[in-house]
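A.B. asks: Structure here, sequence nowhere to be found:
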């Protein structure tokens, strides 16, 4: 999984968001609820029967969890989920 954010660079720190803060958001919103879980029973889209837990669905689920948790001024640009070295899906926003 790769997460890309965008926003203004803080002139004092030189970063968009402190990586420790971003990592904490990812831990709370993604790793803790999903790591080691049966995705068939924890992803709303899959539980409802609307989708299967492929890369595209997982990337979208991660987007929905991370985007609203980011601090003001920081926006989610891209979520990439890879099944292996040759197969990945990228979510660049949800309408």
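C.D. replies: Received it, and whenever you're ready, just let me know what you need. None of the values given here were measured: they were computed from a predicted structure.
A.B. asks: For the lowest-mean-pLDDT helix or strand in the chain, enumerate the helices and strands it packs against.
C.D. replies: Lowest by mean pLDDT, DSSP states H and E among the helices and strands of the chain is helix 44-47, with a mean of 82. On a contact count with 3 or more C-beta pairs under 8 Å, 6 or more residues apart in numbering; DSSP states H and E, helix 44-47 meets helix 39-42, helix 55-66. (C-beta placed from N, C-alpha, C; glycine too.)
A.B. asks: winner for burial among the ones you listed?
C.D. replies: Among the helices and strands packed on helix 44-47, ranked by average contacts under mean count of other C-beta atoms under 10 Å, first place goes to helix 55-66 (a mean of 20).
A.B. asks: And the average pLDDT for it is what?
C.D. replies: Helix 55-66 comes out with an average pLDDT of 93.
A.B. asks: Can you name the residues in contact with it?
C.D. replies: 1, 3, 25-26, 29-30, 33-34, 39, 43-46, 51, 76, 79-83, 87-91, 93-94 (C-beta atoms under 8 Å, 6 or more residues apart in numbering).
A.B. asks: Now do the helix or strand residue 77 falls within and helix 55-66, the angle between them.
C.D. replies: Element membership of residue 77 [criterion: DSSP states H and E] is strand 75-84. Calculated by axes from the mean of the first three to the mean of the last three C-alpha atoms, to 10 degrees, strand 75-84 forms an angle of 150 degrees with helix 55-66.
A.B. asks: contacts for strand 75-84?
C.D. replies: Contacts of strand 75-84 (C-beta under 8 Å, 6+ apart): 1-7, 54-55, 58-60, 62-63, 66-67, 70, 88-93.
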